[in-house]
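[1] What follows is a predicted structure for the sequence shown.
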Amino acid sequence: MTNIEKIYSLLEKAYFMEGISSDNKENESNLQDFETKFQVNIPLDYRWLLNNFGSCNFSDPYIYGITDLNRCYSHFMKKWNEYINLGYNMSECLSPFPIGGFGDGDNAVIDMNNGKILKFYHDYPPEDIPFQKIADNFTELMRIQAESVFWVHKQINNTAKK
């Protein structure tokens, strides 16, 4: 059992409240095709979310579905390599895998070494660190995302009652 499976009912409720259909789920063969194409493994908790719910756009960061991942993976790796070429010496301590995006063009990544979720700033100068931790792991990120849905719906309901 992956960690994210423990919050299945929370995610199910959030997806339902947002009106996201079960048709949003990703096909396992498409995930395998991606892995073959890029010679990488999709992180387990992220894979589980894609198989059971699909992409997630509750709030920032938007969590990619396989179509977006196919489109964005090469671009992210190109940008990552540009940062390394600019003098960032992080390739040994970070192993980023892009899982989503922010509205401003930044990426959400899983550090494959420790599972932390990081925001990768796309336009930082070389003297700054282009990452910020946003969650300890993917399950925490998705719990935060689901809870934001509940909070927004509660605010809407409270406003409608006035």
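    Perfect, thanks for sending it.
[2] got any ranges where the protein has weak pLDDT?
    1, 22, 88-93, 124-129, 162 (pLDDT under 70).
[3] Confirm residue 15 sits in a helix?
    Yes - according to DSSP: H, G, I helix; E, B strand; the rest coil, residue 15 belongs to a helix.
[4] For it, give me its contacts.
    Residue 15 makes contact with 24, 53, 56 under the criterion CB atoms under 8 Å, 6 or more residues apart in numbering. All C-beta spots, glycine's among them, are computed from the backbone N, C-alpha and C.
[5] Hmm, residue 52 is touching residue 7, no?
    No - judged on CB atoms under 8 Å, residue 52 makes no contact with residue 7 at a distance of 11.1 Å.
[6] Count residues in the vicinity of residue 154, would you?
    10 (other CB atoms under 10 Å).
[7] Could you do residue 111 as well?
    Neighbours of residue 111 (other CB under 10 Å): 18.
[8] try the one 5 residues further on
    Neighbourhood size, residue 116 [other CB under 10 Å]: 19.
[9] Just to check, residue 137 is in contact with residue 117?
    Yes - using CB under 8 Å, residue 137 is in contact with residue 117, at 6.8 Å.
[10] Tell me which stretches of the protein form helices.
    Secondary structure of the chain by DSSP state H: the helices cover 8-17, 28-38, 44-52, 66-85, 138-161.
[11] Now do the residue nearest to residue 107 when sequence neighbours are not counted against residue 96, distance only.
    Beyond its immediate neighbours in the sequence, the residue positioned closest to residue 107 (CB to CB, 6 or more residues apart in numbering) is residue 120, lying 4.4 Å away. Per CB to CB, to the nearest Å, residue 120 is found 7 Å from residue 96.
[12] Need the overlap of contacts for the two.
    The contact sets of residue 120 and residue 96 overlap at 76, 80, 109 (CB under 8 Å, 6+ apart).
[13] Contacts only, for the first one.
    With contacts taken as CB under 8 Å, 6+ apart, residue 76 has the following neighbours: 96, 98, 107, 109, 120.
[14] and of those, the nearest to residue 158?
    residue 107 (34.2 Å; CB to CB).
[15] Distance of the closest one relative to residue 116?
    Counting by CB to CB, the gap from residue 107 to residue 116 is 14 Å.
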